[in-house]
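Chemist: Would you be able to build a 3D model of this:
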Amino acid sequence: DNEDDENDEQDDVDEDLNVSNPVSTPAPAPNPPVTSGKFDYRTQKINGVNLGGWLVTEPFISPSLYEQASVDGSEAKTPIDEYNFCKSLGSNEALARLRKHWDTWITEADFIRIKSYGFNAVRLPIGYWAFAKLADDPYVSGQEEYLIKAINWCRAHGLKLWVDLHGIPGSQNGFDNSGQRDVYQWMNPTNYELGLKVLQYIYDKYGGVEYEDVIIGYQNLNEPLHDRYEIPKIIEFDQTTYKMFREKSNNWFVYHDAFLPAPFWSNFMNEPEYKDTVLDHHRYEVFDPTQLRESIDGHITSIKLLVGEFLRLPKIQIVGEWSAALTDCCKWLNGVGRGARYDNSFAGTGVIGQCRFSNDFTKMTAEDKVNTRRIIEAQLDIYNQTNGFFYWTWKTENAIEWSMSDLANIGLFPVPLHDRKYPRVV
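Modeler: Residues are numbered from 1 along each chain as shown. Below you'll find the predicted structure:
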């Protein structure tokens, strides 16, 4: 319990003040408190939620923002990502609309509610363009002001925070949530260097001990894609940014598994050379036709097997993204202008089923509700075997399977988190 730690820390400080040394003897240098301000993943678990779609917008999370940016109201003219959103609207109009979004999508009330549900942390995605831009970037900035608000709100309400660089110049994965869809130019030297400069800025400004009470993870990059970039280059990036970080901070360095199997990482980023690191895994059930065909029990078995692999790796590990989705049906999940694998309207992999309720929970059947609650409960229990998790995501406009706050409202996400309707699977 974080509050107990803070109380212990205060006791330690009080003891330090009651030094009974005679004045003539120089007091020894104070020992650091037994409980330092730094979070300890070895003894404390993360139960967190992502603040997706706030400082990096996503079409599937807030479709209205993107629909309203279509020049003629058609899907064909809808911007496919934040880069094109800004390019299409021009910087003044883009900034006006985004500032309204930043001011309203997540507010202090959300942090209070997140804490009340029993979460102890949030993961905050932010793009490089909040801090610096390439010469020809259409992006607008102003997001850093909200990062600072988030830090202050976390501090005020007893939450911890991961700062997650979710998009890097040239895009690390070509996903719309990196800022630029279908672009793979990260390793272009100009792009790569600017990415390092942005991380240097974050480490310089936010890496210090004065943030240790709130920030417990600095993620160098979300989801670099190993089948688009050479694996040795991704590892070199992790090692380089770790060393940059360690020159500025004793806090926790977070890196993503690049969608490589857990055993791969047994050879890299290991103690003692790389100390206090956290390996971030993301797991979804819906981006592959084989997964989409699984029964609910099949999904649970697959997740158990996967986490079994994580647990054989002697590293601190977090499942930094997962959701309740059992289909890829919700609007624009696969991108603006794309349909779903599930009903064969996207990838041509054959019909698996009909898309029925993904943007309208009133169309859920009793079985849909049971399966949704079961997949959430199972994942909560299985991922808690690791050092913790962050659910993706706190809220969406109408993508019900992805919105923790809406799932909680309709009784499908356990509140409190330990509430169970179904037998535990671990």
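Chemist: going forward, measure contacts between C-alpha atoms and count neighbours the same way
Modeler: Noted.
Chemist: now the end-to-end length of stretch 279-288.
Modeler: 23 Å (Cα to Cα, to the nearest Å).
Chemist: Check the offset of it from the chain's centre.
Modeler: 12 Å (Cα atoms, centre = their mean, to the nearest Å).
Chemist: what's in contact with that stretch?
Modeler: 254-257, 259, 291-292, 299, 315-323, 325-328, 341 (Cα atoms under 8 Å, 6 or more residues apart in numbering).
Chemist: again, 7 Å this time
Modeler: Counting by Cα atoms under 7 Å, 6 or more residues apart in numbering, stretch 279-288 makes contact with 254-257, 291-292, 316-323, 325-328, all of which sit outside it.
Chemist: cool, and stretch 129-149?
Modeler: Residues contacting stretch 129-149 (Cα under 7 Å, 6+ apart): 55, 83, 86, 87, 91, 95, 198.
Chemist: From those residues, which land in helices?
Modeler: Among the contacts of stretch 129-149, the members falling in helices are 83, 86, 87, 91, 95, 198 (criterion: DSSP state H).
Chemist: As CSV, these with distance to residue 62 and neighbour count would be great.
Modeler: Output for the ones in helices among the contacts of stretch 129-149, formatted as CSV (distance: Cα to Cα, whole Å; neighbours: other Cα atoms under 10 Å):
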residue, distance to residue 62, neighbour count
83, 15, 20
86, 15, 22
87, 18, 16
91, 20, 16
95, 16, 17
198, 26, 22
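Chemist: now these as TSV including pLDDT and distance to residue 73?
Modeler: Formatted as TSV, those follow (pLDDT from 0 to 100; distance: Cα to Cα, whole Å):
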residue	pLDDT	distance to residue 73
83	98	19
86	98	17
87	98	17
91	98	20
95	98	20
198	98	36
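Chemist: Which single one of the residues you listed is nearest to residue 126?
Modeler: For those, the minimum distance to residue 126 (Cα to Cα) is 11.3 Å, reached by residue 198.
Chemist: Might one say that that closest one is in contact with residue 127?
Modeler: No: taking contacts as Cα atoms under 7 Å, residue 198 lies outside contact range of residue 127: 9.6 Å.
Chemist: How about residues contacting stretch 44-60?
Modeler: Residues contacting stretch 44-60 (Cα under 7 Å, 6+ apart): 61, 66, 81-82, 102, 105-106, 119-127, 143, 176-177, 331-333, 336, 387-394.
Chemist: Residue 105: what's it in contact with?
Modeler: Taking Cα under 7 Å, 6+ apart, one finds residue 54 in contact with residue 105.
Chemist: Could you report the separation of it from residue 65?
Modeler: Distance from residue 105 to residue 65, by Cα to Cα: 11 Å.
Chemist: List the contacts of the closest residue to residue 342 other than its chain neighbours.
Modeler: Nearest non-adjacent residue to residue 342, counting by Cα to Cα, 6 or more residues apart in numbering: residue 352, 5.1 Å away. Counting by Cα under 7 Å, 6+ apart, residue 352 makes contact with 293, 342, 343.
Chemist: For residue 378, state which of the residues you listed is nearest.
Modeler: residue 293 (18.4 Å).
Chemist: For the closest one, which non-adjacent residue is closest in space?
Modeler: Residue 293 sits nearest to residue 352 (Cα to Cα, 6+ apart), 6.5 Å away.
Chemist: okay, the ones in helices among the contacts of stretch 129-149 in TSV with distance to residue 132 next?
Modeler: Putting the ones in helices among the contacts of stretch 129-149 into TSV (distance: Cα to Cα, whole Å) gives the following:
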residue	distance to residue 132
83	14
86	15
87	17
91	15
95	15
198	7
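Chemist: between the residues you listed, which is closest to residue 266?
Modeler: Distances from residue 266 to those, taken by Cα to Cα, are shortest for residue 198, at 28.5 Å.
Chemist: Would you point out the helix or strand in the protein whose mean pLDDT is lowest?
Modeler: helix 2-17 (a mean of 40; mean pLDDT, DSSP states H and E).
Chemist: Give me the below-cutoff pLDDT ranges for the stretch 1-150 of the chain.
Modeler: Within the stretch 1-150 of the chain, the stretches with pLDDT under 70 are 1-36.
Chemist: Let me see the ranges of the helices in it.
Modeler: 2-17, 63-67, 82-89, 91-105, 108-116, 144-157 (DSSP state H, counting those that start in this stretch).
Chemist: contacts for the third one?
Modeler: So that's helix 82-89. 57, 69, 79, 94, 138, 139, 140, 179, 180.
Chemist: Phi, psi for the residue nearest to residue 207 when sequence neighbours are not counted please.
Modeler: Among residues not flanking residue 207 along the chain, residue 249 sits closest, at 5.1 Å (Cα to Cα, 6+ apart). Note on residue 249: its backbone torsions stand at phi -150, psi 150 [degrees, to the nearest 10].
Chemist: still on that earlier bit, just the ones of the contacts of stretch 44-60 in strands?
Modeler: Among the contacts of stretch 44-60, the members falling in strands are 121, 122, 123, 124, 125, 126, 127, 388, 389, 390, 391 (criterion: DSSP state E).
Chemist: Residue 419: neighbour count?
Modeler: Neighbour count for residue 419, taken as other Cα atoms under 10 Å: 10.
Chemist: Using the three-state scheme, assign it.
Modeler: coil (DSSP: H, G, I helix; E, B strand; the rest coil).
Chemist: confidence score at it?
Modeler: What the model reports as pLDDT for residue 419 is 97.
Chemist: Relative to residue 190, how far out is it?
Modeler: In terms of Cα to Cα, residue 419 sits 50 Å off from residue 190.
Chemist: Contacts only, for residue 116.
Modeler: Contacts of residue 116 (Cα under 7 Å, 6+ apart): none.
Chemist: now residue 102
Modeler: Contacts of residue 102 (Cα under 7 Å, 6+ apart): 54, 55.
Chemist: in the stretch 201-350 of the chain, which spans are strands?
Modeler: Counting by DSSP state E, counting those that start in this stretch, the stretch 201-350 of the chain has strands at residues 215-219, 253-256, 277-282, 317-321.
Chemist: Which residue is the nearest non-sequential neighbour of residue 244?
Modeler: Using Cα to Cα, 6+ apart, the closest residue to residue 244 is residue 200 (6.9 Å).
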